[in-house]
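Enquirer: Generate coordinates for the sequence data below:
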Amino acid sequence: MNNIRPAALVVSNRSKRFIPTARILKRLSSSKSEPLVKFSHNAEAKVGILELNAPASYNALTVEMGSEFQQLINSTKQSMRTGEVDINSIVLQGAGKAFCAGGDLTWLRSLANNSVEQNVDVMRAFYQSFLCLRSVPVPIVAAVHGPAIGAGAALMAACDVRVAASDARIGFNFVKIGIHAGMGA
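Expert: Presented below is the predicted three-dimensional model:
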């Protein structure tokens, strides 16, 4: 189910105009010089740090971030297997003022006119790109500060341990924006 996406999205019911998904995703992705997800590790403490790195959007989850996240998880697991990285746990954190504001609403709204079948495929691939962290052979600790909302709260819940700062605000508010509770929430 890797990167399953519909071939096109309906932009308007009136015009029935179709735009290829690749063009829409390119339009929604930001031009960036910094990676959207970073990994580092402290060899002495044997702890990895996985950081969502989109502070301007409060680390909102995007397709592009999901792709980077999944690639980083896979390369970290490979580095652990080869002994290049020797860690006993990973801390998942968000850069800036938030752990994660949830799914990118602009992207979610762009899916409104898709068929149910298309959205099932798109959302499964999107969720899997983040929930792949469940396959890491060491405990994942969510270090939550600021907002952890919607899919961000679900990502936090998918971790083995959750530690919340006093300013943490956790919300499973899927119903308030009219969508199903995703990511297993």
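Enquirer: Can you list the low-confidence ranges for the protein?
Expert: Counting by pLDDT under 70, the chain contains low-confidence ranges at 1-32, 184-185.
Enquirer: in it, which spans are strands?
Expert: For the chain, the strands identified by DSSP state E occupy 8-12, 17-20, 37-42, 47-52, 89-94, 140-144, 147-149, 161-164, 169-171, in order along the chain.
Enquirer: Going by neighbour count, which residues of the longest helix seen in the chain are buried?
Expert: Counting residues, the longest helix found in the chain (DSSP state H) is helix 63-82. With burial defined by 16 or more other C-beta atoms under 10 Å, the residues of helix 63-82 counted as buried are 63-70, 72-73, 76-77, 79-80. All C-beta atoms are positioned from the backbone trio N, CA, C, and that covers glycine.
Enquirer: In JSON lines: the residues you listed, plus distance to residue 53.
Expert: Converted to JSON lines, these look like this (distance: C-beta to C-beta, whole Å):
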{"residue": "63", "distance to residue 53": "16"}
{"residue": "64", "distance to residue 53": "12"}
{"residue": "65", "distance to residue 53": "9"}
{"residue": "66", "distance to residue 53": "13"}
{"residue": "67", "distance to residue 53": "14"}
{"residue": "68", "distance to residue 53": "9"}
{"residue": "69", "distance to residue 53": "10"}
{"residue": "70", "distance to residue 53": "15"}
{"residue": "72", "distance to residue 53": "11"}
{"residue": "73", "distance to residue 53": "15"}
{"residue": "76", "distance to residue 53": "15"}
{"residue": "77", "distance to residue 53": "20"}
{"residue": "79", "distance to residue 53": "19"}
{"residue": "80", "distance to residue 53": "21"}
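Enquirer: helices or strands next to the longest helix of the chain in the packing?
Expert: Identification of packing neighbours for helix 63-82 by 3 or more C-beta pairs under 8 Å, 6 or more residues apart in numbering; DSSP states H and E yields helix 21-28, strand 37-42, strand 47-52, helix 116-131.
Enquirer: Rebuild those as CSV, extending it with distance to residue 106 and mean neighbour count.
Expert: Supplementary listing: the helices and strands packed on helix 63-82 in CSV, determined by distance: least, C-beta to C-beta, whole Å; neighbours: other C-beta atoms under 10 Å:
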stretch, distance to residue 106, mean neighbour count
helix 21-28, 6, 14
strand 37-42, 19, 16
strand 47-52, 17, 21
helix 116-131, 14, 18
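Enquirer: Determine which of the ones you listed approaches residue 85 most closely.
Expert: The minimum distance between residue 85 and the helices and strands packed on helix 63-82 falls on strand 37-42, with 5.7 Å, by C-beta to C-beta.
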